[in-house]
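In: For reference, the sequence and a predicted model appear below.
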Amino acid sequence: MKVKDIKDNIFNESDENLIKFIRKEFIEVRSKNPHKYMNNLDSLRKIDTVTRTTAIARMKVLQEVNDMSKSVAMLTAFVVAISAAYFLLVENMLGQGLAASLIYFVLLCALFIMISMKIGSNIGKRGTAVYFQELLEKIV
């Protein structure tokens, strides 16, 4: 990999594409092709100070944006409030019984799956940002 490729990704790519680039060139290649990984690290070592500083700043922003610890409590409260309101609505429409409980259970399962997928995705992005920031800071 060339230094230019690293610079182009740091300065021009979206956050999503930058994360994909980092995963491909610095995480996945580490176990698949150690020689290429070492070459990529050598290229990373050669980037200039402005590029390195910009990359570190982007990694810190990505870590903050994908830090679910700050939003999980609020999201949980929102889900509980919505599901309670929905349960009351369904209970009033269908009466107390198995149908209302079943609909409520299905809704909660769907919400749990959606939230779990979002949290898992964000944790992976945050982990990639932490890894790359550590590389940038230590590889000087």
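Out: Arrived safely. Residues are numbered from 1 along each chain as shown.
In: Give the closest residue to the most centrally placed residue in the chain in space, chain neighbours not counted.
Out: For the chain, the residue lying nearest the average C-alpha position, counting by Cα atoms, centre = their mean, turns out to be Asn122 (2.4 Å). Closest residue in space to Asn122, ignoring its immediate chain neighbours: Asn66 at 4.2 Å, by Cβ to Cβ, 6 or more residues apart in numbering. Heads up, the C-betas are built off the backbone N, CA and C, glycines and all.
In: Now do the one you found against Ile139, distance only.
Out: 23 Å (Cβ to Cβ, to the nearest Å).
In: Which one of the two is surrounded by more residues?
Out: Asn66 (20 against 13; other Cβ atoms under 10 Å).
In: Buried ones in stretch 64-80, by neighbour count?
Out: Asn66, Met68, Val79 (16 or more other Cβ atoms under 10 Å).
In: List of residues touching it?
Out: Asp15, Leu111, Ile115, Ile119, Asn122, Ile123, Lys125, Arg126, Ala129 (Cβ atoms under 8 Å, 6 or more residues apart in numbering).
In: Setting the sequence-adjacent residues aside, check what's closest to Tyr104.
Out: Tyr104 sits nearest to Phe87 (Cβ to Cβ, 6+ apart), 4.5 Å away.
In: Now the one you found: which helix or strand?
Out: helix 72-94 (DSSP states H and E).
In: So what's the gap between that helix and the chain middle?
Out: The chain centre lies 27 Å from the centre of helix 72-94; the measure is Cα atoms, centre = their mean, to the nearest Å.
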